[in-house]
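# What follows is a predicted structure for the sequence shown.
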Amino acid sequence: MHISLRRIAIATGILVTAAIMVWAVMPGAVPVEAAIVTKRRFVASIDEDGKTRVRERYVVAAPLAGRLGRIRFKVGDRIKVDDAVATITPSPAPLMDPRTRREVEERLGTAEANVERAKAVVERARAQSNQANMDLNRTRTLAERGAATSQALEHAELAVRLADRDLRAAEFLDHAAEHELSQMRALLARYSGDSDANEPPESWMVAAPVSGVVLRVAQESETIVQPGTPLLDVGDPHDLEIVVDVLSTDAVEISPGADVTIVHWGGQAALSGSVRRVEPAAFTKISTLGVEEQRVNVLVDITSPAEDWAKLGDAYQVDAQITVFTQDDAAIIPAGALFRRGEQWNVFVVKDGRAQTRDVRLVRRSGRLAAIASGLKEGEVVIVYPSDRVASGVRVQVRTGE
């Protein structure tokens, strides 16, 4: 009896030791993150950052060259249509170096001499005209008495007409010489600073084209401007739109009227919007990684009540989520649970503490979520971001997942 009990105890010890050794060499459960398959409305969106801008922006520019007076308006000031926003006066004359001044003085002397010569030519032409008229009178008298031929009378009349024309030409030259003299005197006086010293300079008032708020003052201080120089921007800060630049490959999926959710704009609640236009032309943009990308501007109207976004302004940063696909009652899992084997999408499902491979048919991915058409049921648990230690049949230990 004692021998049997001893044998039983020895056998039991051997079995326990063997079980412990087997347990020690067996692989432990692989820790994994998991998520539960849910069924709800699936929304696929294109998420990009955007920027607000005033829909109708007017740039007030200088209509002519001259000296711009200091603009008294500041950013945020309200103005009305036709309000004078700036004043432009003639530019001051450039400085004259001694050589240029000497040349102008010499030209002035030449102009004065030309005036004197023109006056002498006028006097000469006038004397010739008077002489021609006297000769005509004598010839006409002689012709009436028969002492002069008709040919002599015609020559006398022709001489009078030619003398009158020479006199008119001389008078025109005299006027031209006087104008040239006045021009040279004005030029010298302008450079000397003595021109119209007591008269106020001519000025041009630049008027606001519309009523609104000053959005930007491009040139505040007094300076010399050229035609077309921007002075300030005017617009209505409450008439905003959002410009979102997306990849051209994403733009083909966006249609006018698509719903937009606006987040991270500074307010607590998200705003609603609608795509108004997808611009037909793309442009090249360098990404933060230095890669050239073709981007397309998408214009979004804010449809939320204006009081909800009253504090938004021009060129504010926002994030836009543009809806491009929706499906009701879709099986949704984290996109990180998907992996491919050939052309087939697969997931690992946790069942009875072990991982099982499951073929699934993918509808669409969007961000961190994916919609599954078949292969999964609501409530099942899938492994998220499975490591290379996870395989079909491997024991797994689920830890807190998404």
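That came through fine. Numbers count the residues shown, from 1 in each chain.

# element containing Lys39?
Assessed by DSSP states H and E, Lys39 sits inside strand 38-54.

# helices and strands around that strand, which ones?
Counting contacts by 3 or more Cβ pairs under 8 Å, 6 or more residues apart in numbering; DSSP states H and E, strand 38-54 is packed against strand 240-247, strand 317-334, strand 354-366, strand 369-374. C-beta here means a position set from N, CA and C on the backbone, and glycine is covered the same way.

# Render the CA-only coordinates of that strand in CSV, please.
Presented in CSV, the C-alpha positions along strand 38-54 are these (Å, rounded to 0.1, in the frame of the first residue of the first chain):
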residue,chain,number,x,y,z
THR,A,38,-19.6,48.7,-36.7
LYS,A,39,-22.5,49.4,-39.1
ARG,A,40,-23.3,53.0,-39.8
ARG,A,41,-23.2,55.7,-42.5
PHE,A,42,-19.9,55.8,-44.2
VAL,A,43,-18.6,59.1,-45.6
ALA,A,44,-15.5,59.4,-47.8
SER,A,45,-14.0,62.8,-47.9
ILE,A,46,-11.0,64.7,-49.3
ASP,A,47,-9.4,66.5,-46.4
GLU,A,48,-7.2,69.5,-47.2
ASP,A,49,-6.4,72.8,-45.6
GLY,A,50,-7.9,76.0,-47.1
LYS,A,51,-8.0,79.7,-46.7
THR,A,52,-10.8,82.2,-46.5
ARG,A,53,-10.9,85.2,-48.9
VAL,A,54,-13.3,88.0,-49.6
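
# hmm, who's touching whichever helix or strand comes after it?
Counting by DSSP H and E, the element after strand 38-54 in chain order, helix or strand, is strand 57-61. Counting contacts by Cβ atoms under 8 Å, 6 or more residues apart in numbering, the residues outside strand 57-61 that touch it are 85-86, 206, 208-210, 212, 215, 227-235.

# Describe which strands strand 57-61 pairs with in its sheet and in which direction.
strand 230-235 (antiparallel) (DSSP bridges).

# Output the below-cut-off pLDDT ranges for the stretch 151-300 of the chain.
190-201 (pLDDT under 70).

# ok so, going back, can you go through the contacts of strand 57-61 and name the buried ones?
Val85, Ala86, Val206, Ala208, Gly212, Leu215, Thr229, Leu231, Leu232, Asp233, Val234, Gly235 (16 or more other Cβ atoms under 10 Å).

# what about Leu167, how many residues close to it?
Other residues near Leu167 come to 21 when the count uses other Cβ atoms under 10 Å.

# Hmm, I typed the wrong one, I wanted Ala282.
16.

# and what of the one 3 residues further on?
Using other Cβ under 10 Å, Lys285 has 12 other residues around it.

# cool, and Glu178?
So Glu178, with other Cβ under 10 Å, has 15 neighbours.

# following the one helix or strand it maps to, which helix or strand comes up?
In the assignment (DSSP H and E), Glu178 maps to helix 150-192. Note on helix 150-192: by DSSP H and E, the next helix or strand toward the C-terminus is strand 204-207.

# Contacts made by that following strand with the rest, please.
Under the criterion Cβ under 8 Å, 6+ apart, residues 60, 62-64, 66, 81-89, 231 lie in contact with strand 204-207.
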